[in-house]
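Asker: build me a structure from this.
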Amino acid sequence: MSVTDVVAGDLADSLRTIRETEPLVQHLTNTVTINDVANLTLHWGGLPVMADSVGDAGEMAELARAVMLNIGQVPEERVDAMHDAARTANERGIPVILDPVGVGSTPTRQAVAERLLSEIEFTAIKGNYGEISALAGVEAEVKGVESVGDYEEIERTARSVAESTGAVVVASGVEDVVADADGAVRLAAGHELLGEVVGTGCMLGGTVATFCGALEDPRTAAVHGTLAFGLAGERAAEMDHAGPGSYRTNFRDAVAGMTGDVAADLDLEGRIEQVL
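Answerer: Numbering: from 1, shown residues only. Purely as a prediction, here's the structure:
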(Lines give C-alpha, C1' and ligand atoms only; values in the text may rest on other atoms or scores of the structure.)
Protein backbone atom coordinates (compact mmCIF):
# COMPACT_ATOMS: atom_id res chain seq x y z
CA MET A 1 0.00 0.00 0.00
CA SER A 2 1.43 3.36 -1.01
CA VAL A 3 0.73 6.51 0.98
CA THR A 4 0.37 8.42 -2.28
CA ASP A 5 -2.30 5.98 -3.43
CA VAL A 6 -4.55 6.76 -0.46
CA VAL A 7 -3.75 10.43 -0.03
CA ALA A 8 -4.66 10.95 -3.68
CA GLY A 9 -8.28 10.38 -2.65
CA ASP A 10 -8.83 13.47 -0.52
CA LEU A 11 -10.50 12.97 2.87
CA ALA A 12 -12.79 15.95 2.31
CA ASP A 13 -13.99 14.49 -0.98
CA SER A 14 -14.64 11.12 0.69
CA LEU A 15 -16.77 12.75 3.39
CA ARG A 16 -18.72 14.72 0.79
CA THR A 17 -19.31 11.56 -1.24
CA ILE A 18 -20.85 9.78 1.73
CA ARG A 19 -23.27 12.64 2.40
CA GLU A 20 -24.17 12.91 -1.28
CA THR A 21 -24.75 9.19 -1.88
CA GLU A 22 -26.28 8.31 1.54
CA PRO A 23 -25.27 4.62 1.34
CA LEU A 24 -27.61 2.12 2.97
CA VAL A 25 -25.43 0.13 5.37
CA GLN A 26 -26.76 -3.09 6.83
CA HIS A 27 -25.32 -4.03 10.21
CA LEU A 28 -25.59 -7.43 11.82
CA THR A 29 -24.07 -6.46 15.13
CA ASN A 30 -24.34 -7.08 18.84
CA THR A 31 -27.06 -5.62 21.05
CA VAL A 32 -24.54 -3.84 23.31
CA THR A 33 -23.62 -1.30 20.63
CA ILE A 34 -26.41 -1.47 18.08
CA ASN A 35 -27.73 2.02 18.83
CA ASP A 36 -24.29 3.63 18.79
CA VAL A 37 -23.38 1.97 15.50
CA ALA A 38 -26.67 2.99 13.90
CA ASN A 39 -26.30 6.59 15.04
CA LEU A 40 -22.69 6.87 13.91
CA THR A 41 -23.60 5.56 10.45
CA LEU A 42 -26.26 8.25 10.27
CA HIS A 43 -23.90 10.97 11.53
CA TRP A 44 -21.38 10.18 8.78
CA GLY A 45 -24.17 10.59 6.26
CA GLY A 46 -25.13 6.97 5.65
CA LEU A 47 -28.44 5.21 6.25
CA PRO A 48 -28.30 2.43 8.86
CA VAL A 49 -30.45 -0.68 8.88
CA MET A 50 -30.06 -3.45 11.45
CA ALA A 51 -31.85 -6.42 9.81
CA ASP A 52 -30.41 -9.51 11.52
CA SER A 53 -32.88 -12.38 11.08
CA VAL A 54 -32.66 -15.13 8.49
CA GLY A 55 -34.66 -14.25 5.42
CA ASP A 56 -34.97 -10.55 6.16
CA ALA A 57 -31.18 -10.22 6.38
CA GLY A 58 -30.62 -11.60 2.91
CA GLU A 59 -33.47 -9.59 1.43
CA MET A 60 -32.20 -6.37 2.97
CA ALA A 61 -28.69 -7.06 1.70
CA GLU A 62 -30.05 -6.83 -1.84
CA LEU A 63 -30.78 -3.15 -1.18
CA ALA A 64 -27.62 -2.29 0.77
CA ARG A 65 -24.42 -0.61 -0.39
CA ALA A 66 -22.41 -2.38 2.32
CA VAL A 67 -22.96 -5.19 4.83
CA MET A 68 -21.26 -5.23 8.23
CA LEU A 69 -20.83 -8.45 10.24
CA ASN A 70 -19.93 -8.04 13.93
CA ILE A 71 -19.45 -11.20 16.00
CA GLY A 72 -19.72 -9.52 19.40
CA GLN A 73 -22.58 -11.91 20.12
CA VAL A 74 -22.95 -15.20 18.27
CA PRO A 75 -26.33 -16.88 18.82
CA GLU A 76 -26.90 -19.47 16.12
CA GLU A 77 -29.76 -17.55 14.51
CA ARG A 78 -27.67 -14.38 14.10
CA VAL A 79 -24.73 -16.30 12.67
CA ASP A 80 -27.07 -17.90 10.12
CA ALA A 81 -28.41 -14.44 9.26
CA MET A 82 -24.83 -13.21 8.77
CA HIS A 83 -24.20 -15.92 6.20
CA ASP A 84 -27.56 -15.20 4.57
CA ALA A 85 -26.80 -11.50 4.16
CA ALA A 86 -23.15 -11.97 3.21
CA ARG A 87 -23.87 -14.57 0.53
CA THR A 88 -26.38 -12.21 -1.06
CA ALA A 89 -23.89 -9.34 -0.88
CA ASN A 90 -21.14 -11.45 -2.45
CA GLU A 91 -23.43 -12.48 -5.28
CA ARG A 92 -24.27 -8.84 -6.01
CA GLY A 93 -20.78 -7.42 -5.58
CA ILE A 94 -21.69 -5.48 -2.42
CA PRO A 95 -18.83 -4.88 0.04
CA VAL A 96 -18.88 -7.09 3.15
CA ILE A 97 -16.95 -5.98 6.25
CA LEU A 98 -16.03 -8.20 9.20
CA ASP A 99 -15.48 -7.08 12.80
CA PRO A 100 -14.22 -10.26 14.55
CA VAL A 101 -15.01 -9.04 18.07
CA GLY A 102 -13.35 -11.17 20.73
CA VAL A 103 -11.96 -13.73 18.29
CA GLY A 104 -9.32 -15.76 20.04
CA SER A 105 -10.97 -15.43 23.44
CA THR A 106 -13.21 -18.52 23.12
CA PRO A 107 -13.30 -21.54 20.79
CA THR A 108 -16.87 -20.63 19.76
CA ARG A 109 -15.93 -17.18 18.48
CA GLN A 110 -12.88 -18.62 16.77
CA ALA A 111 -15.04 -21.17 14.97
CA VAL A 112 -17.59 -18.53 13.90
CA ALA A 113 -14.83 -16.32 12.48
CA GLU A 114 -13.09 -19.20 10.70
CA ARG A 115 -16.33 -20.34 9.06
CA LEU A 116 -17.13 -16.82 7.90
CA LEU A 117 -13.64 -16.38 6.46
CA SER A 118 -13.83 -19.72 4.66
CA GLU A 119 -17.24 -19.09 3.09
CA ILE A 120 -17.48 -15.31 2.58
CA GLU A 121 -15.38 -12.88 0.55
CA PHE A 122 -14.63 -9.80 2.65
CA THR A 123 -13.80 -6.34 1.37
CA ALA A 124 -12.43 -5.17 4.73
CA ILE A 125 -11.69 -6.63 8.15
CA LYS A 126 -11.46 -4.38 11.21
CA GLY A 127 -10.26 -5.61 14.58
CA ASN A 128 -8.05 -4.57 17.47
CA TYR A 129 -4.42 -5.69 17.62
CA GLY A 130 -5.29 -8.86 19.51
CA GLU A 131 -8.14 -9.86 17.20
CA ILE A 132 -6.10 -9.33 14.04
CA SER A 133 -3.24 -11.29 15.58
CA ALA A 134 -5.62 -14.13 16.46
CA LEU A 135 -6.87 -14.23 12.86
CA ALA A 136 -3.26 -14.47 11.69
CA GLY A 137 -2.60 -17.38 14.02
CA VAL A 138 0.10 -15.59 15.98
CA GLU A 139 0.24 -15.22 19.74
CA ALA A 140 -2.41 -12.81 21.01
CA GLU A 141 -3.96 -12.02 24.34
CA VAL A 142 -7.67 -11.21 24.20
CA LYS A 143 -9.66 -10.88 27.42
CA GLY A 144 -13.36 -10.85 26.65
CA VAL A 145 -13.40 -8.44 23.73
CA GLU A 146 -10.36 -6.38 24.77
CA SER A 147 -6.85 -6.62 23.36
CA VAL A 148 -4.00 -6.62 25.90
CA GLY A 149 -0.28 -7.13 25.54
CA ASP A 150 2.41 -5.95 23.14
CA TYR A 151 2.19 -6.30 19.36
CA GLU A 152 5.52 -5.15 17.94
CA GLU A 153 4.90 -6.82 14.56
CA ILE A 154 1.28 -5.69 14.10
CA GLU A 155 1.99 -4.11 10.69
CA ARG A 156 3.31 -7.38 9.28
CA THR A 157 0.57 -9.33 11.04
CA ALA A 158 -2.14 -7.14 9.49
CA ARG A 159 -0.53 -7.46 6.09
CA SER A 160 -0.44 -11.25 6.51
CA VAL A 161 -4.20 -11.32 7.19
CA ALA A 162 -4.75 -9.08 4.16
CA GLU A 163 -2.73 -11.44 1.98
CA SER A 164 -4.58 -14.54 3.16
CA THR A 165 -8.09 -13.03 2.90
CA GLY A 166 -7.83 -10.52 0.05
CA ALA A 167 -9.37 -7.88 2.33
CA VAL A 168 -8.09 -4.51 3.47
CA VAL A 169 -7.27 -4.90 7.18
CA VAL A 170 -7.68 -2.26 9.87
CA ALA A 171 -5.84 -3.07 13.13
CA SER A 172 -6.98 -0.59 15.77
CA GLY A 173 -4.88 0.38 18.76
CA VAL A 174 -2.98 3.31 20.22
CA GLU A 175 -2.12 4.01 16.59
CA ASP A 176 -4.19 2.36 13.89
CA VAL A 177 -2.68 0.32 11.07
CA VAL A 178 -4.30 -0.20 7.68
CA ALA A 179 -2.83 -2.91 5.47
CA ASP A 180 -3.45 -4.72 2.22
CA ALA A 181 -1.39 -7.26 0.30
CA ASP A 182 0.86 -4.49 -1.06
CA GLY A 183 1.87 -2.80 2.21
CA ALA A 184 0.73 -0.99 5.32
CA VAL A 185 0.31 2.53 6.70
CA ARG A 186 0.13 3.74 10.29
CA LEU A 187 -2.32 6.49 11.23
CA ALA A 188 -1.67 9.09 13.91
CA ALA A 189 -5.15 10.16 15.01
CA GLY A 190 -7.40 9.55 18.00
CA HIS A 191 -7.63 10.20 21.72
CA GLU A 192 -7.17 8.05 24.82
CA LEU A 193 -10.77 8.76 25.94
CA LEU A 194 -12.02 6.63 23.05
CA GLY A 195 -10.77 3.68 25.09
CA GLU A 196 -12.94 4.72 28.04
CA VAL A 197 -16.19 4.34 26.08
CA VAL A 198 -17.66 0.88 25.49
CA GLY A 199 -18.35 0.22 21.83
CA THR A 200 -15.94 2.54 20.04
CA GLY A 201 -14.38 -0.48 18.34
CA CYS A 202 -17.78 -1.47 16.98
CA MET A 203 -18.37 2.13 15.93
CA LEU A 204 -15.08 2.13 14.03
CA GLY A 205 -16.18 -1.03 12.25
CA GLY A 206 -19.45 0.64 11.33
CA THR A 207 -17.52 3.67 10.11
CA VAL A 208 -15.32 1.58 7.83
CA ALA A 209 -18.45 -0.10 6.46
CA THR A 210 -20.08 3.26 5.78
CA PHE A 211 -17.02 4.52 3.90
CA CYS A 212 -16.84 1.25 1.96
CA GLY A 213 -20.49 1.67 1.00
CA ALA A 214 -19.85 5.08 -0.56
CA LEU A 215 -16.33 4.86 -2.01
CA GLU A 216 -15.18 2.66 -4.86
CA ASP A 217 -11.67 1.97 -3.56
CA PRO A 218 -11.58 -0.17 -0.38
CA ARG A 219 -8.09 1.06 0.57
CA THR A 220 -9.17 4.69 0.46
CA ALA A 221 -12.36 3.81 2.36
CA ALA A 222 -10.44 2.03 5.13
CA VAL A 223 -7.78 4.72 5.52
CA HIS A 224 -10.14 7.68 5.31
CA GLY A 225 -12.76 6.06 7.55
CA THR A 226 -10.20 5.21 10.23
CA LEU A 227 -8.53 8.62 9.97
CA ALA A 228 -11.82 10.52 10.16
CA PHE A 229 -12.84 8.46 13.20
CA GLY A 230 -9.62 9.33 15.01
CA LEU A 231 -9.85 13.01 14.12
CA ALA A 232 -13.42 13.11 15.46
CA GLY A 233 -12.11 11.56 18.68
CA GLU A 234 -9.61 14.38 19.03
CA ARG A 235 -12.19 17.07 18.33
CA ALA A 236 -14.54 15.54 20.92
CA ALA A 237 -11.82 15.86 23.56
CA GLU A 238 -11.55 19.60 22.81
CA MET A 239 -15.22 20.10 23.70
CA ASP A 240 -16.34 20.57 27.31
CA HIS A 241 -16.73 17.22 29.06
CA ALA A 242 -16.75 15.94 32.62
CA GLY A 243 -15.81 12.35 31.87
CA PRO A 244 -16.46 9.39 29.56
CA GLY A 245 -20.24 9.93 29.48
CA SER A 246 -20.14 13.48 28.19
CA TYR A 247 -17.16 12.63 25.96
CA ARG A 248 -19.29 9.92 24.31
CA THR A 249 -21.93 12.54 23.46
CA ASN A 250 -19.23 14.91 22.25
CA PHE A 251 -17.83 12.20 20.01
CA ARG A 252 -21.15 11.68 18.24
CA ASP A 253 -21.45 15.44 17.78
CA ALA A 254 -17.89 15.57 16.43
CA VAL A 255 -18.67 12.88 13.86
CA ALA A 256 -21.79 14.73 12.75
CA GLY A 257 -19.71 17.89 12.45
CA MET A 258 -16.91 16.24 10.45
CA THR A 259 -18.07 17.54 7.08
CA GLY A 260 -16.08 17.84 3.90
CA ASP A 261 -15.64 21.56 4.46
CA VAL A 262 -14.31 20.97 7.99
CA ALA A 263 -11.89 18.28 6.79
CA ALA A 264 -10.64 20.52 3.97
CA ASP A 265 -9.32 22.98 6.57
CA LEU A 266 -7.46 20.36 8.63
CA ASP A 267 -3.69 20.01 8.51
CA LEU A 268 -3.15 16.30 7.87
CA GLU A 269 0.61 16.43 7.42
CA GLY A 270 2.25 13.57 9.26
CA ARG A 271 -1.02 11.78 9.95
CA ILE A 272 -0.32 8.90 7.54
CA GLU A 273 3.03 7.10 7.59
CA GLN A 274 4.16 4.37 5.24
CA VAL A 275 5.47 1.48 7.37
CA LEU A 276 5.57 -1.43 4.90
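Asker: where do the helices sit along the chain?
Answerer: 3-7, 11-21, 34-44, 56-61, 76-92, 107-119, 129-136, 154-165, 200-214, 218-238, 244-256, 260-264 (DSSP state H).
Asker: L98 is nearest to which of those?
Answerer: L98 lies closest, by C-beta to C-beta, to one member of these: helix 107-119, at 6.4 Å. Quick note: C-beta positions are derived from backbone N, CA and C, even for glycine.
Asker: most distant residue from the middle of the chain?
Answerer: A242 (27.5 Å; C-alpha atoms, centre = their mean).
Asker: where does the prediction get shaky in the stretch 51-200 of the chain?
Answerer: 139-151 (pLDDT under 70).
Asker: same thing but at 90, please
Answerer: Low-confidence segments of the stretch 51-200 of the chain (pLDDT under 90): 104-105, 137-152, 174.
Asker: quick revisit: if I look at the residue farthest from the centre of the chain, how far off is A232?
Answerer: Distance from A242 to A232, counting by C-beta to C-beta, to the nearest Å: 19 Å.
Asker: one more: I18?
Answerer: 13 Å.
Asker: comparing these two, which residue is more hemmed in?
Answerer: A side-by-side neighbour count of I18 and A232, using other C-beta atoms under 10 Å, places A232 first with 29 against 23.
Asker: so the more buried one sits right up against M258, yeah?
Answerer: Yes. Judged on C-beta atoms under 8 Å, A232 makes contact with M258 at a distance of 5.1 Å.
Asker: for burial, what's the neighbour tally of E114?
Answerer: 13.
Asker: for V177, same thing?
Answerer: 26.
Asker: if we can go back for a sec, turn the helices of the chain into JSON lines, including distance to D180.
Answerer: Shown next, in JSON lines, are these (distance: least, C-beta to C-beta, whole Å):
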{"stretch": "helix 3-7", "distance to D180": "10"}
{"stretch": "helix 11-21", "distance to D180": "17"}
{"stretch": "helix 34-44", "distance to D180": "22"}
{"stretch": "helix 56-61", "distance to D180": "24"}
{"stretch": "helix 76-92", "distance to D180": "19"}
{"stretch": "helix 107-119", "distance to D180": "16"}
{"stretch": "helix 129-136", "distance to D180": "13"}
{"stretch": "helix 154-165", "distance to D180": "5"}
{"stretch": "helix 200-214", "distance to D180": "13"}
{"stretch": "helix 218-238", "distance to D180": "6"}
{"stretch": "helix 244-256", "distance to D180": "25"}
{"stretch": "helix 260-264", "distance to D180": "23"}
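Asker: most packed of those?
Answerer: helix 200-214 (a mean of 29; mean count of other C-beta atoms under 10 Å).
Asker: off-centre distance for that helix?
Answerer: Centre-to-centre, helix 200-214 and its host chain are 4 Å apart (C-alpha atoms, centre = their mean, to the nearest Å).
Asker: which strands and helices lie in contact with that helix?
Answerer: Applying 3 or more C-beta pairs under 8 Å, 6 or more residues apart in numbering; DSSP states H and E, we find helix 200-214 packed against helix 11-21, strand 24-28, helix 34-44, strand 66-70, strand 96-99, strand 124-128, strand 168-172, helix 218-238.
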